[in-house]
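Participant: This is a predicted model, with the sequence first.
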Amino acid sequence: MNASRARTWIMNYVSSKIVALAISFLAAGPLLAEEGLPVKNCTFCHGTSAQGYSTAPRLAGQRSQYIEKELGGFAEHLRDNPLSKKYMWNAVANLAPSTAHDLAAYFSAQPPQAANDGNRDLVAAGKNIYELGIPDANVAACVVCHAPNAEGIRDLPRLGGMSYAYVKGRLEQWNEGFHSTAAPMPMVARSLSAPEIDALASYLSFIE
Amino acid sequence: MKAIWLRLALQSAVFALAFTAIGHAGEKAKRPVSSQILEAKFNYCQTCHGVSGQGFRGYFTMPRLAGQQPQYIENQLRAFSELRRVNPVMRNVSHGLTPAMIAPLAAHFKSLNPAPYGGAPNESTALGKAIFDTGLPDANVPACSACHGPDGKGQGQIPRLSGQLYWYTVKALGGWDKERGQGSVKDISAIMSPTAHNLTQSQVSAIAAYVSNLR
């Protein structure tokens, strides 16, 4: 990592820690951060420490702007993946925007754990796709939006450590036409073959 | 959904026309690339540079290609390939392009004209416009307009700046020699090096904000 990237990384790291501290300071401690926030409605499916459970993705450590954006996407029925429609549309039906914002900030500040559920043999191939894409197959390099350590930025999601099964499912579903408003992901997914999706999802699942 | 399909159909029709026309226009040495392959390549560019080539701010900032000077695009693609301009992602992209693809792709981007991406910090455009129009003689900074045109649209190998993403311009001017002018062959990018060095950070920011809003 060169000097300016290291600086950027450090600044992002420090500012994210400052935000987390500010939130817990304003809420006067971790216990009170939960008071008034319907966190249990989420952790019921997403796991008690928000690491994800079965098909519900990890929320811990996810970018807060992204969580907020997706909650809006569920509310507007733009994110219409089968399980989104089955569970998340109802989950957000009575969610006020300010609560969505606070929930997003809360989960964003929770420490994430990598899922580590991918295929280790495919990690090298997945890393190659992530960092360089596949020009001959017209697959763009994920890194340009999702950042070198798959941590994402602003409202572009953190992919690092997400469950292999979850990422694979998302890519397959974009390929099938679900969530078609999430440009450019549908286009990206359409250009990926099944083995390439496997490799990418495997690589990502191990990133801390 | 219907609107999206109609747009896609229209786009494909326009592509088929544009690419077959360009393909047949006097290129005796090269066989024209099929419109299917070109469309797939164009979609590939769109993934990062936006559906209308307006650019996108991800972790990196992918610059606006819409309305860009074709000669500039062609030179940059060659520079990535020859490592005169160092960018691992674009080098890989460039390797996937045959020479026969480059001209039609560049011509297609030239024809696009979406609104500027926007999002630049809300600073006064007065300083940026002043430097753009008249330069900073005391700092040996020529007026940008002298080469890039009073409307910032560029010419020949000199790039269009109008509507260029703020963060991209800041990064380019702030670190000109980090990415460009690499390798043993000096290319035209060397011409910007002294100018970039003579600009302060706040001047760079002002110029970048100003051009980012130009149509």
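Facilitator: Good, I have the coordinates. Numbers count the residues shown, from 1 in each chain, chains lettered A, B, ... in the order given.
Participant: ok, A:Gly133 touching A:Val139?
Facilitator: Yes. Counting by CB atoms under 8 Å, A:Gly133 does reach A:Val139; the two are 4.8 Å apart. From N, CA and C alone the C-beta is placed, and that goes for glycine too.
Participant: quick one, helices of chain B?
Facilitator: B:2-24, B:35-49, B:70-81, B:88-95, B:99-110, B:125-134, B:144-148, B:166-174, B:176-179, B:193-198, B:201-212 (DSSP state H).
Participant: Turn those helices into CSV, columns for mean neighbour count.
Facilitator: CSV is the format used below for the helices of chain B (neighbours: other CB atoms under 10 Å in any protein chain shown):
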stretch, mean neighbour count
helix B:2-24, 13
helix B:35-49, 19
helix B:70-81, 20
helix B:88-95, 18
helix B:99-110, 19
helix B:125-134, 17
helix B:144-148, 17
helix B:166-174, 20
helix B:176-179, 16
helix B:193-198, 15
helix B:201-212, 21
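Participant: what would these look like in JSON lines with distance to A:Ala105 and mean pLDDT?
Facilitator: Output for the helices of chain B, formatted as JSON lines (distance: least, CB to CB, whole Å; pLDDT from 0 to 100):
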{"stretch": "helix B:2-24", "distance to A:Ala105": "34", "mean pLDDT": "56"}
{"stretch": "helix B:35-49", "distance to A:Ala105": "29", "mean pLDDT": "95"}
{"stretch": "helix B:70-81", "distance to A:Ala105": "40", "mean pLDDT": "96"}
{"stretch": "helix B:88-95", "distance to A:Ala105": "32", "mean pLDDT": "94"}
{"stretch": "helix B:99-110", "distance to A:Ala105": "39", "mean pLDDT": "95"}
{"stretch": "helix B:125-134", "distance to A:Ala105": "34", "mean pLDDT": "95"}
{"stretch": "helix B:144-148", "distance to A:Ala105": "41", "mean pLDDT": "98"}
{"stretch": "helix B:166-174", "distance to A:Ala105": "25", "mean pLDDT": "97"}
{"stretch": "helix B:176-179", "distance to A:Ala105": "35", "mean pLDDT": "92"}
{"stretch": "helix B:193-198", "distance to A:Ala105": "39", "mean pLDDT": "96"}
{"stretch": "helix B:201-212", "distance to A:Ala105": "29", "mean pLDDT": "96"}
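Participant: Can I get those in a markdown table including distance to chain A?
Facilitator: Formatted as a markdown table, the helices of chain B follow (distance: least, CB to the nearest CB, whole Å):
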| stretch | distance to chain A |
| --- | --- |
| helix B:2-24 | 7 |
| helix B:35-49 | 4 |
| helix B:70-81 | 11 |
| helix B:88-95 | 5 |
| helix B:99-110 | 11 |
| helix B:125-134 | 24 |
| helix B:144-148 | 25 |
| helix B:166-174 | 9 |
| helix B:176-179 | 8 |
| helix B:193-198 | 15 |
| helix B:201-212 | 13 |
